[in-house]
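Chemist: Generate coordinates for the sequence data below:
(one chain, ligands or ions: 1)
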Amino acid sequence: MIDIHCHILPDMDDGPRNWEKSLTMARMAAADGIRVIVASPHLFRDKRVDLKALNDKGVILQKIRQFQEKLEAEQIPLTILPGCDCPLSLEALDLLKADRVMTINDGRRYLLLEMPDSSIPPAAPDICFQLQSQGLTPIITHPERHLVFLHNPERLLRFLDLGCLVQMTAGSLTGTFGRKVAKVSQTMVKKGYIQLIATDAHSTGGRPPVLSKAVAQLTKLIGKDPAQAMVTAIPEKIINGTPVF
Ligand SMILES: [Fe+2]
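Modeler: Numbering: from 1, shown residues only. Sure thing, here's the model as predicted:
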């Protein structure tokens, strides 16, 4: 399986603090059958916009090289690729234009895009359209945990029509965020609003780097092959920078 959204690099954001914790997460992911992880630190270390606390592309690449060496030394069968958890904000868009935001696998084809916590900015569809016209497909992250989409899942249709992809957090389907989120997650999946799931793990705790339990839920909802595609074929196309559909 492939996990395209995971805070696994040490000392970058609110994910693991050190290599030991990163490696513990890596062992857990590998034991779950995950073979590729896109390391996606928040664009800004403390999440809020702070240009002095920008997670630099060079640092991400350097940490991934170090990580890969440690994984090989410990014989953990896992490949780590670069990425970034990018907030939808004017500052982030300026940084993207200046090529200072790490897209998935540094391919400038796909970008994890997180809406502000409690709103969908009026300019969001236009921004997504502009990104698409530059060849960059936004992947809207975890709408089932977003205040507006949670109560109005059909608001996703506008973004799907614009060619965006939508990624759900695996734990949302298995009750990590409560019954309401789990129920809405099922609705979104059944309506076809979700193209893939990812762990969005930050540690081995509350939201661990585990996909298999959510895949079992997905299988019940949409059947084995479409469920598997959400953690294999679809994320594979994303990391290869090829069209999903
Ligand atoms: Fe995230």
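
Chemist: Now do the SS call for E236.
Modeler: At E236 the chain is in helix, as set by DSSP: H, G, I helix; E, B strand; the rest coil.

Chemist: Following element in sequence after the worst-scoring helix or strand of the chain on mean pLDDT, please.
Modeler: Every helix and strand of the chain was ranked by mean pLDDT, DSSP states H and E. The lowest is helix 90-97, at a mean of 92. Next helix or strand after helix 90-97 toward the C-terminus (DSSP states H and E): strand 110-114.

Chemist: And the contacts of that following strand?
Modeler: 4-5, 40, 83-88, 96, 101, 103-104, 128, 131, 136-142, 164-165, 167, 238, 241 (C-beta atoms under 8 Å, 6 or more residues apart in numbering). For glycine as for every other residue, the C-beta is placed from the backbone atoms N, C-alpha and C.

Chemist: and it, anywhere near the ion?
Modeler: No: Strand 110-114 is not in contact with the ion by C-beta under 5 Å from the ion; minimum separation 6.8 Å.

Chemist: Give the buried residues for the lengthiest helix in the chain.
Modeler: Across the chain, the longest stretch assigned as helix under DSSP state H is helix 57-73. Across helix 57-73, burial judged by 16 or more other C-beta atoms under 10 Å covers 57, 60, 63-64, 67, 71.

Chemist: contacting residues around the closest residue to L71 other than its chain neighbours?
Modeler: In space, and not counting its chain neighbours, L71 is closest to L78: 5.4 Å by C-beta to C-beta, 6 or more residues apart in numbering. Counting by C-beta under 8 Å, 6+ apart, L78 makes contact with 26, 29-30, 34-37, 71.

Chemist: Could you tell me which residues make contact with P226?
Modeler: Residues in contact with P226, defined by C-beta under 8 Å, 6+ apart, are L218.

Chemist: can you pull the pLDDT of the residue of the chain positioned farthest from its centre?
Modeler: Most distant from the centre of the chain: A73, at 26.9 Å, with distances by C-alpha atoms, centre = their mean. Looking at A73, its pLDDT reads 98.

Chemist: Kindly report the same for the one 3 residues further on.
Modeler: As summarised for this prediction, I76 has a pLDDT of 98.

Chemist: rewinding a little: only the buried residues of the next helix or strand after the longest helix of the chain, if you could.
Modeler: Sequence-wise, the next helix or strand downstream of helix 57-73 (DSSP H and E) is strand 79-82. Using 16+ other C-beta under 10 Å as the test for burial, strand 79-82 gives 80-82.

Chemist: what would those residues look like in TSV with pLDDT?
Modeler: Putting the buried residues of strand 79-82 into TSV (pLDDT from 0 to 100) gives the following:
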residue	pLDDT
I80	98
L81	98
P82	98
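
Chemist: Could you dump those into TSV and include distance to L221?
Modeler: Formatted as TSV, the buried residues of strand 79-82 follow (distance: C-beta to C-beta, whole Å):
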residue	distance to L221
I80	30
L81	28
P82	31
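
Chemist: From the residues you listed, pick the one nearest G15.
Modeler: Closest approach between these and G15, by C-beta to C-beta: I80, at 12.8 Å.

Chemist: Look up how far S133 lies from the closest one.
Modeler: Using C-beta to C-beta, to the nearest Å, we find I80 at a distance of 31 Å from S133.

Chemist: Quick check: of the contacts of L78, which has the highest neighbour count?
Modeler: I37 (29 neighbours; other C-beta atoms under 10 Å).

Chemist: and it, that one's in a helix?
Modeler: No: under three-state DSSP, I37 sits outside any helix and is assigned strand.
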